[in-house]
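# fold the following and give me the result.
(chains A and B)
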Amino acid sequence: MSASTFLTLKNISKSYSGTHVLKKVNLSVKAGEIHSLLGENGAGKSTLMNILFGMPVIHETGGYKGGIILDGETVAITSPRDAMNLGIGMVHQEFMLLPGFTITENIKLNREITTENPISKIVGRSLETLDEEAMANDARAALQKLNLTVDESLPIAGLPVGYMQFVEIAREIDKKNVRFLVFDEPTAVLTEGEAKRLLDVMKRLSAEGIGILFITHRLDEVLEVSDTITILRDGEVVHRLAQNEANVELLAELMVGRKIERPTLPRRKTEPTDEDPILTIRDLQVKMPGELVKGINLNVRRGEILGIGGLAGHGKLGIANGVMGLYPATGKVRKDDKPVNLDSSKSALESGMAFVSEDRRGVGLLLTESIEMNIALTAMQIQNKFLRPGFFSALRLEDRKAMRERALRFIEELDIRCTGPTQPVQRLSGGNQQKVCLARAFTLDPDLLWVSEPTRGIDIGAKQLVLDLLVKFNRERGVTVIMTSSELAELRKICDRIAIVYEGRIVGILPSDASDLEFGLLMAGKNTRKEVG
Amino acid sequence: MSSPYRGLGVYAELTDRIEKSLSRFGIPRLIISGFLLLLFILALIMKMDLKILISDSLVRIGMNGILVLAMLPSLRCGAGLNFGLPVGVICGLLGGVLSLNWNITGFAGFFTAIAFSIPPAIIAGYLYALLLERVKGQEMMVGTYIGFSVVAGMCIFWLMAPIDNPALIFAIGGKGLRYTLTLNDTYAKILNNFLSFSLLGITIPTGLLLFFLLFCVLMYYFFRSKIGLAMTAVGANPMYAVSSGINVRKMRMSGIILSTVLAAIGIIVYSQSYGFLQLYTAPLYAAFPAMAAILIGGASLARASISHVLIGTILFQTLLTIALPVTQTILQGSDISEIARIIISNGMIIYALTRAERR
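Just a heads-up that it's a prediction; the model follows:
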């Protein structure tokens, strides 16, 4: 048994400043096996891989518990170099290639084949001559293994994205001792054809006896290549099954599934309907790096809480940023049947929308300014609030007293923990900063509020408070809320409907009491019901 | 329970409090203030006339103040220190030359100079801002070279200027403006002498100081107005500004234009006190003392206020005024104070720029 087991992760636990992200995870990969690791964002996949590769971030945050066993021996991996020496390679999600260098140079970087020359005899190895022919041969051999016919002397810059991914793999398999490879979402950036080819390569590599750990969101791919599938949820292994036991539905359910206690929310007098849309979006495309939106149609009902979910990188964050004019966007957006100009935030703000950005420190706050200034400034610029009377609108002076009063009211109402309304917001905790961001949006008295990742990076108590606030705001003042979040559980707690975004498009809208199975499938891009938008 | 530790606790608390207030005051300001104090003591020991030194300091504070104030809008709108200050200075000189050419004297001449320097300053500031918009993130480096190039370009203009007032052009050749134009017959020291009086032997240049303070107050209120706060938001966090519907480009450009206009007014105030308009290469280094002053005052690229302008101008200019005679008395005939000035002003700029990365 132990002879064939190649690599075992045993009882791995890890916590970042008190939050447990991995809880006693066990995982083992045999030589020649393809083992898939499946899980939502934040399930702990990346942390597990960082531990396996001895990434500095792990050791800077207090290390981990548990052991890594290779060929029956416990090994200590304290740096990526250790991992490499043990024969563990990794194909990264983002390419780690030098664009100006040739394919050969990238494959052989820092492992160049060299010959002695007179100068190197005196000065040392670092000045030896490159044996370019031998390097090119090695590179070609590695590329051939991948069935890739491309001239190895071409520079990386200008290659199709798919090829870059293959060069990355070629670099790993060129390392002579490599026995174990991790693929971290390798197909995320590939076209369908390229992805198919990659899966073939993975099968071939495993046939040669290399153990593969495959991390992905795409359920089809998992089913196609895996021998074993492990599903990780909230830092725990929730299920492990062999390929022949699995099907797409089961995987989807396991990946998302969690018991959701949906608190009974207060009822409204009249429930929102499609007859009275507050916002209509037609063919919205947003160029937000990493979160591209590729054509979305959406009707938002007046008075509802609409959730926007989906996996990271699929474009859910781009929707709010595009409508609010923060990233270049095209398409038709009508609020209360009046067109909204997507070129600047001004038009969106003036139409009665407000936005709480996912990037709290980057977009949401003036870090060096006071709480009262952060809360008041947007309303001052857009609605001329908090200004003393004056002749020219631009030269009207701030009304400190009104700003102070408003800030004090919010500090009490939202329970912002601070020394006073003049404290600079950079000294507040994440949760309290988020409350200031919310106060900034509330001050605009919007009838439509966009909130992106409102609970990211804040503690559990503050999370609940923020969600309660949104519900209260919705029910008491009748404000329509569109909440974008990576945490499906949160969306299901407070939303009426949840739209799931996949590869820049909305694949379906579900009521929040729909089954785990349906949500899981939608997140993987499969719509079982046929009503969209 | 009178343990000796209680006393220690109080002591620790005291030092802690001192440390905090010291760090708020800032180490560079502390060193400069200490140096200033030392110079005063030296001046006393050498039995120099403190009254004259203080009077001179007041004049220098007033005459340089608005140039320092010109740094504020560009810092606030996120364009960094205005290394291109000579652009505005030259517009000021242009207004000055025009009023001289028309031979307008007294306050009329002074205000004519200002009135005719503002339109070119707005135009030049607009063009300068357009250019800075294209080199976002490198405003300070590009600004330096703009300043240098504009000064050089204007050297040609001063030579070719269509002005034939014999008092202004070279005596020989009959073409081209002189290097320095005296204001003695028009409005030299008109602000300095306005309402000036003597207090304990110290001459107070009331008009000059009032004029500077007036601009400080105006700027203070400007930055408390809707447009001023928008400008501050752009400088503090452009993305916040965008998400508040503020036109970031417009605000940044307005900040740079405002800075240029203040520089134009500043140089006229400076010149009336100095008694001459200095043309040609004189504006080349106009930006550096102004930058040094606001930085000594405690401003950084991320944060600058009127109080930084006031404190900085007072410290820096008093230092320069007193250092010169004191050092010259100690080290007979040496030019140590000029060297000290260069070291302090450029050292301050380097210090501030190295700290900028951490904002």
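# what does the average pLDDT come to for stretch A:128-135?
For stretch A:128-135, the mean per-residue pLDDT is 85.
# and for that stretch, what are the contacting residues?
For stretch A:128-135, the surrounding residues in contact (C-beta atoms under 8 Å, 6 or more residues apart in numbering or on different chains) are A:Thr104, A:Glu105, A:Ile107, A:Lys108, A:Glu112, A:Ile113, A:Thr114, A:Thr115, A:Glu116, A:Asn117, A:Ser120. Placement of C-beta: from N, CA and C, glycine included.
# of the residues you listed - the most surrounded one?
A:Ile107 (27 neighbours; other C-beta atoms under 10 Å in any protein chain shown).
# now do the SS call for it.
helix (DSSP: H, G, I helix; E, B strand; the rest coil).
# and the pLDDT for the spatially closest residue to A:Asp227 that is not a sequence neighbour?
Spatial nearest neighbour of A:Asp227, excluding adjacent residues (C-beta to C-beta, 6 or more residues apart in numbering or on different chains): A:Glu33 at 4.8 Å. Per-residue confidence (pLDDT) for A:Glu33: 89.
# okay, the contacts of stretch A:128-135 in CSV with secondary structure next?
Below are the contacts of stretch A:128-135 laid out as CSV (three-state DSSP):
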residue, secondary structure
A:Thr104, helix
A:Glu105, helix
A:Ile107, helix
A:Lys108, helix
A:Glu112, coil
A:Ile113, coil
A:Thr114, strand
A:Thr115, strand
A:Glu116, coil
A:Asn117, coil
A:Ser120, helix
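# keep only those that also lie close to chain B.
Filtering those for proximity to chain B by C-beta under 8 Å from any C-beta of the partner chain leaves nothing.
# between the residues you listed, which sits nearest chain B?
A:Glu105 (31.3 Å; C-beta to the nearest C-beta).
# tell me who's in contact with the nearest residue to that closest one once chain neighbours are set aside.
Distance criterion C-beta to C-beta, 6+ apart; nearest residue to A:Glu105, sequence neighbours excluded, is A:Leu98 at 7.5 Å. Going by C-beta under 8 Å, 6+ apart, A:Leu98 touches A:Glu105, A:Asn106, A:Leu109, A:Ile156.
# in this structure the last one contacts A:Thr104, no?
Yep, that's A:Ile156 we're talking about. No: under the criterion of C-beta atoms under 8 Å, A:Ile156 is not in contact with A:Thr104, lying 10.4 Å apart.
# separation between B:Thr105 and chain A?
34 Å (C-beta to the nearest C-beta, to the nearest Å).
# my read: that residue touches B:Leu183, true?
No: here B:Thr105 does not reach B:Leu183: they are 9.6 Å apart, not a contact under C-beta under 8 Å.
# outside of the helix or strand containing A:Lys346, which residues touch it?
Secondary structure assignment for A:Lys346, by DSSP states H and E: helix A:345-350. Outside of helix A:345-350, the residues within contact range by C-beta under 8 Å, 6+ apart are A:323-326, A:335, A:340-342, A:355, A:378, A:382, A:444, B:242-245, B:247.
# quick one on the thing from earlier: neighbour count winner among B:Thr105 and B:Leu183?
B:Leu183 (25 against 15).
# report the contact partners of that one.
Going by C-beta under 8 Å, 6+ apart, B:Leu183 touches B:Gly96, B:Leu100, B:Ser271, B:Gln272, B:Gly275, B:Phe276, B:Leu277.
# these in helices, which ones?
Using DSSP state H, the subset of the contacts of B:Leu183 located in helices is B:Gly96, B:Leu100, B:Ser271, B:Gln272.
# how far away is the last one from B:Leu85?
It refers to B:Gln272. 18 Å (C-beta to C-beta, to the nearest Å).
# which helix or which strand is home to A:Phe183?
For A:Phe183, the host element (DSSP H and E) is strand A:180-184.
# please name the strands paired to that strand in the sheet, noting orientation.
Partner strands for strand A:180-184, per DSSP bridges, with pairing direction: strand A:88-91 (parallel), strand A:211-216 (parallel).
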